[in-house]
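Undergrad: build the 3D model from these lines:
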Amino acid sequence: MPKKKPSRPNPLREAAEKRPQILEEGTSLTEAGKTMRTLGTRTLPVATDGQLIGRTENPHLDQAAAGHGHDPDMLRVRDSMVRDNACCFDDQSVEEARQIMIERNLQHLPVVDRKKRVIGMVSRQDLDEAAQPRSKCRKADIAPGNLPGH
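TA: Now for the predicted structure:
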């Protein structure tokens, strides 16, 4: 029986899985605005049956629609989303994701699998943190009583 290879850590996927929230295209602008404000985010991926079709970039899209005389309960996310499907795949490197964000001037980027199913969203800060080497040193290991000569 062949041994299963240990899976390598995937910093991009791990970062994306911290923000798994998505909006379905049929969500009302009222509900989408409430969700985005509750989460404290400016951007969320928009999906149909889990597959990426766009993104929202305004946590007050319901208020903006009402300000233009539209009923945000009647309008859907698909009516106001950005249809540019800029994204990266979950098996790409952190550097590749960062390059996409730079080229497209994005602060947030949806992460999808190879079937375009949304895994989550990453920010530039997430990528910076994912690129940092993880220390194996614990705080207790560097306490003054644990250092040589103390």
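Undergrad: now the strands for this protein?
TA: Under the criterion DSSP state E, the chain contains strands at 23-24, 44-48, 51-56, 88-89, 108-112, 118-123.
Undergrad: please convert those to a markdown table, extending it with mean neighbour count and distance to Glu95.
TA: Any C-beta I mention is one placed from the backbone N, CA and C, and that applies to glycine too. A markdown table is the format used below for these (neighbours: other Cβ atoms under 10 Å; distance: least, Cβ to Cβ, whole Å):
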| stretch | mean neighbour count | distance to Glu95 |
| --- | --- | --- |
| strand 23-24 | 19 | 28 |
| strand 44-48 | 22 | 21 |
| strand 51-56 | 20 | 21 |
| strand 88-89 | 19 | 11 |
| strand 108-112 | 24 | 13 |
| strand 118-123 | 24 | 13 |
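Undergrad: between those strands, which gets nearest to Glu17?
TA: The closest of the strands of the chain to Glu17 is strand 118-123. By Cβ to Cβ, the value is 5.3 Å.
Undergrad: note down every partner strand of that closest one and its orientation.
TA: strand 108-112 (antiparallel) (DSSP bridges).
Undergrad: CA atoms of the partner strand as CSV?
TA: The C-alpha coordinates for strand 108-112 follow below in CSV (Å, rounded to 0.1, in the frame of the first residue of the first chain):
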residue,chain,number,x,y,z
HIS,A,108,-8.2,42.3,-1.6
LEU,A,109,-8.2,39.2,-3.9
PRO,A,110,-10.5,36.2,-4.0
VAL,A,111,-8.8,32.8,-3.8
VAL,A,112,-10.4,30.0,-5.8
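Undergrad: centroid residue for the chain?
TA: For the chain, the residue nearest the mean C-alpha position is Met121 (1.0 Å; Cα atoms, centre = their mean).
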